[in-house]
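Asks: Sequence first, then the predicted structure:
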Amino acid sequence: MGRGADGSALTAPTLIRRNSWSLDRLKSLGDVKDDILVLRHLWFGRKSGADHAARLESFYGPQAAACKLFIFVAKKATKRSRVEPALFQCADDKFRAKFLWGRRPMLAAAAARLRNRNDLIWVDMGGGTGENVDMMADYMSLHHFKAIYVVDLCHSLCEQAKLKVKAKGWKNVHVVEGDACEFRVPEGEASLITFSYSLSMIPPFHDAVDSAVSQLSADGLLGMADFYVSAKYDTPMRQMCWARRFFWRSIFDIDNIDIGPERRAYLETKLERVWEVNNEGSIPWVPYLRAPYFVWLGRPWLDVQKQLSHEQKVEAPALFPPTFLYTQSWEDPEPDMKVMRICPEDTVLTLTSGGCNALNLLLHGAGHVVSVDCNPAQSSLLELKAIAIQQLEFEDVWQMFGEGRHPRIDKIFETRLAPYLSQKAFNFWNTRLWYFKQGLYYQGGMGKLCWVLQCLAVFCGLNMPMKKLANAPTLQEQRKQWDSMALVYFIKHGPRLLVWLFSKVLALLLFNRIVLWFGGGVPAKQYALIKKDGIPIEQYLARTVDGIAENSHLRKSNYFYYNCITGHFLRDNCPSYLREENHDRLQGGLINRLTIATGFFLDELRARKYTKVILMDHVDWLSDKLVKELIDTLAQQVIPGGVVIWRSASLAPPYAQVIAKAGFSVTCLQQADNGYMDRVNMYSSFYMAVRKAKKV
């Protein structure tokens, strides 16, 4: 639908007289023909002329002719003298919507930062047919703009833009046929200047950039989207191999399009980079090939000394799944908080996991929380949670991470979340929004394991008993429900031989090494610690589950296992960051104390001094050499009086003594052989170490 000057939808006629053929059929059949027509002119058309304007006209003129043909046919079909806005879309526009993938992210990122301002001036350099203006109306009302200037050197495209402006009824949009290097903003300066796949077609790009920057207001933004190749030595997220650099630059050079790295590099000498994404997109009717593109947003320098560092490209370690293992943190934060006594002076290092406990540390008053994980997917999950808390109302956050589903996730992601995500998180979530349609808590390693176990429960007729167990009104009722389940009764009271055989078959099928790693995140080193204690894995897991069912009320206080059974949280039974009052506190500024890092724990440990360190079960995973290196670094980086806590799958992890010898006072707080541990009840022991004062 078209939009008026205030961005509101224009109403299309409810009835259109049809001839023997329908306009809808013409449009559907014509789409393929239009695409082929545009492709023919792109690939085989002559690009010639005495100057740049003439070359542009030879390139775009034949494509614009397809738009004129469509307008003529539409007028004839509707027996009207004007084209309704809903019908006005050039063949070139339709084709480019399936090719120029960077335009919408650029406009969305700009709109996200400007939507609360009025009387804006926007200059779209190389704006062509004005399609960007139509797209911008999807992200913010055009009423926020005092004036919009679509500047282009190509006469044919400007003519189409003028027709579009008239058809859409835009009163504040002005089409200017002219050179981007020479255009001057009538108001003196612009709030937003964009180069949408145009700077690569401007030979004197230095002049175009200089002119744009000189006319950008002090609080303005400059956005650029274009195809690209990297330099031979470039930033990690842009870097390409020589073959890709050569191939794509050669292909675009045929059409006088220079996609080399020089333009973006020059921009970064003039403006401070605010946001950037490097990606690749499909090409209509061209299988397999995906053209590289980037989106870049910059602003006038606020502080030259505080430049935004380039994001590092981090790959998950070998044998990690392509997504996250955990959707929530699997360590009970309540005993952690009792032991650590978090205060505003604390700088805390923790592993990310699902990210819930990192956010909980902020709510308990930590001055700075550094959350690190070697799996980029876990970092992307926590980053999405943090950005959602910053940008969304509580109800949207609740639907995403409380219910695990959101009916408008595509729109919310595009307009409110993506514009603030890192490249890593953007690329991860951009192809996985379906997680929030199928259910977030059925995704990832442990999520899939929960889903499989739920399917088995349905197959075995245990679906309703499990739901009753999860929703038992009291702990006493929960115990009765648990003990009355046939499978539980059999395991507890059945013939020992049959129980032993059943447990071994179950361990072989569901609790083997592969399932434990990809579903539960239990590596081989940790599995060996469990075996060393002489506890069969099936007994270890039975101890965990039975302890929970007998001692922790799922419906009221144990959100960990309630979520496993139901696939969602409850408003009175959820991680602390999902409570409305805590959302307001985090959004009010606490979330800014969080640093999310992707990499190895040791690297972040070396980066600064800490008062508190949460190792989780990380040390269980490490080789003896890495354990020694980690403990030596802890001794150097944890200040005297600082607290380190960890959990282990071993009743008495051997590295506890090594930590004590490194200058820590070590205390075992809990062991599983003494009974129920906490609401997770998944580990065999819980330890605390206090850094001793260094001897003078």
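Replies: That came in fine, so what should we check first?
Asks: Could you check the helix or strand where residue 596 lies and say which residues are buried?
Replies: Here residue 596 sits within strand 594-598, counting by DSSP states H and E. Within strand 594-598, the residues scored as buried using 16 or more other C-beta atoms under 10 Å are 594, 595, 596, 597, 598. For every residue, glycine as well, the C-beta is placed using N, CA and C.
Asks: ok, now stretch 119-134?
Replies: Buried residues in stretch 119-134, counted by 16+ other C-beta under 10 Å: 120-134.
Asks: circling back to that earlier point, just name the closest of the buried residues of strand 594-598 to residue 495, please.
Replies: The closest of the buried residues of strand 594-598 to residue 495 turns out to be residue 598 (C-beta to C-beta; 51.0 Å).
Asks: partner residues bridging that closest one?
Replies: Here residue 598 sits in beta bridges with residue 373, going by DSSP bridges.
Asks: Just the pLDDT at it, thanks.
Replies: Residue 598 carries a pLDDT value of 94.
Asks: thought it was touching residue 316?
Replies: No. Taking contacts as C-beta atoms under 8 Å, residue 598 lies outside contact range of residue 316: 9.3 Å.
Asks: Touching both of the two, which residues are there?
Replies: Common neighbours of residue 598 and residue 316 (criterion: C-beta atoms under 8 Å, 6 or more residues apart in numbering): 374, 375, 376.
Asks: Buried by neighbour count, from those residues: which ones?
Replies: 374, 375, 376.
Asks: Throw those residues into TSV and include distance to residue 324, thanks.
Replies: Below are these laid out as TSV (distance: C-beta to C-beta, whole Å):
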residue	distance to residue 324
374	12
375	6
376	9
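Asks: show me the contacts for residue 597.
Replies: 370, 371, 372, 373, 379, 604.
Asks: Just the CA atoms from the regular element (helix or strand) spanning the first one would do, formatted as CSV, please.
Replies: Assignment of secondary structure by DSSP H and E places residue 370 within strand 368-373. As requested, C-alpha coordinates have been extracted for strand 368-373 and formatted as CSV (Å, rounded to 0.1, in the frame of the first residue of the first chain):
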residue,chain,number,x,y,z
HIS,A,368,30.2,-4.3,36.2
VAL,A,369,29.3,-7.8,34.9
VAL,A,370,31.5,-9.4,32.2
SER,A,371,29.8,-12.4,30.6
VAL,A,372,31.9,-14.5,28.3
ASP,A,373,31.3,-17.7,26.3
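Asks: relative to strand 594-598, how tilted is it?
Replies: Here the directions of strand 368-373 and strand 594-598 differ by 20 degrees (axes from the mean of the first three to the mean of the last three C-alpha atoms, to 10 degrees).
Asks: In CSV, list the C-alpha atoms belonging to the helix or strand just after strand 368-373.
Replies: Using DSSP H and E, the helix or strand that directly follows strand 368-373 along the chain is helix 376-391. C-alpha atoms of helix 376-391 as CSV (Å, rounded to 0.1, in the frame of the first residue of the first chain):
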residue,chain,number,x,y,z
PRO,A,376,29.1,-17.3,19.7
ALA,A,377,25.5,-18.5,19.7
GLN,A,378,25.3,-18.2,23.5
SER,A,379,26.6,-14.6,23.3
SER,A,380,24.1,-13.9,20.6
LEU,A,381,21.3,-15.1,22.8
LEU,A,382,22.3,-12.9,25.7
GLU,A,383,22.8,-10.0,23.4
LEU,A,384,19.3,-10.4,22.1
LYS,A,385,17.9,-10.5,25.6
ALA,A,386,19.9,-7.3,26.5
ILE,A,387,18.8,-5.4,23.4
ALA,A,388,15.2,-6.5,23.9
ILE,A,389,15.3,-5.2,27.5
GLN,A,390,16.7,-1.9,26.3
GLN,A,391,14.4,-1.3,23.4
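Asks: give me every residue that touches the residue lying farthest from the centre of the chain.
Replies: Ranked by distance from the centre of the chain (C-alpha atoms, centre = their mean), the top residue is residue 495, with 51.2 Å. Residues near residue 495 by C-beta under 8 Å, 6+ apart: none.
Asks: Tell me the confidence at it?
Replies: 89.
Asks: Next: residue 56.
Replies: With respect to pLDDT, residue 56 has a value of 59.
Asks: Highest neighbour count among the contacts of residue 597?
Replies: Among the contacts of residue 597, the one with the most neighbours (other C-beta atoms under 10 Å) is residue 373, at 31 neighbours.
Asks: so what's that residue up against?
Replies: Counting by C-beta under 8 Å, 6+ apart, residue 373 makes contact with 351, 352, 353, 379, 382, 597, 598.
Asks: As a check, name the ranges of all helices in the stretch 201-350 of the chain.
Replies: 205-214, 242-253, 262-270, 333-340 (DSSP state H, counting those that start in this stretch).
Asks: cool, the stretch 451-600 of the chain as well?
Replies: Using DSSP H, counting those that start in this stretch, helices in the stretch 451-600 of the chain cover 463-470, 475-484, 486-493, 496-510, 513-520, 524-532, 537-551, 559-566, 580-587.
Asks: I'd like to check the angle between the fourth one and helix 537-551, please.
Replies: Okay, so that is helix 496-510. Here helix 496-510 points in a direction 100 degrees away from that of helix 537-551 (the same axes, to 10 degrees).
Asks: Please identify the buried residues of helix 496-510?
Replies: Result for helix 496-510 [16+ other C-beta under 10 Å]: buried residues 502, 503, 507, 510.
Asks: Please tabulate these in CSV and include pLDDT and distance to residue 328 as additional columns.
Replies: Formatted as CSV, those follow (pLDDT from 0 to 100; distance: C-beta to C-beta, whole Å):
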residue, pLDDT, distance to residue 328
502, 79, 30
503, 81, 28
507, 76, 25
510, 71, 21
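Asks: Among those, which one lies nearest to residue 452?
Replies: residue 510 (8.1 Å).
Asks: From residue 442, how far off is that closest one?
Replies: When distance is defined by C-beta to C-beta, to the nearest Å, residue 510 is 17 Å away from residue 442.
Asks: pretty sure residue 235 contacts residue 310?
Replies: Yes. Between residue 235 and residue 310 there is a contact under C-beta under 8 Å: 4.2 Å.
Asks: Next, count neighbours for residue 445.
Replies: Neighbours of residue 445 using other C-beta under 10 Å come to 22.
Asks: any idea of the pLDDT on it?
Replies: pLDDT, residue 445: 87.
Asks: Same question for residue 80.
Replies: You'll see residue 80 listed with a pLDDT of 48.
Asks: and if you look at residue 517?
Replies: 67.
Asks: Alpha carbons only: can I get stretch 141-151 in CSV?
Replies: Taking C-alpha atoms only, stretch 141-151 is exported to CSV below (Å, rounded to 0.1, in the frame of the first residue of the first chain):
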residue,chain,number,x,y,z
SER,A,141,5.9,8.1,9.7
LEU,A,142,7.0,10.4,6.9
HIS,A,143,5.3,13.2,8.9
HIS,A,144,8.5,13.3,11.0
PHE,A,145,10.3,14.8,8.0
LYS,A,146,10.0,18.5,7.2
ALA,A,147,11.6,17.8,3.8
ILE,A,148,12.9,14.8,1.8
TYR,A,149,15.1,15.3,-1.2
VAL,A,150,15.6,12.5,-3.7
VAL,A,151,18.7,13.4,-5.6
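Asks: Which stretches in the stretch 101-250 of the chain count as strands?
Replies: Here the stretch 101-250 of the chain has its strands, by DSSP state E, counting those that start in this stretch, at 120-125, 145-152, 173-177, 190-196, 216-227.
Asks: what is the nearest residue to residue 612 once chain neighbours are set aside paired to in the beta sheet?
Replies: Of all residues not flanking residue 612 in the chain, residue 348 sits nearest, at 4.4 Å (C-beta to C-beta, 6 or more residues apart in numbering). Counting by DSSP bridges, residue 348 is bridged to residue 369, residue 612.
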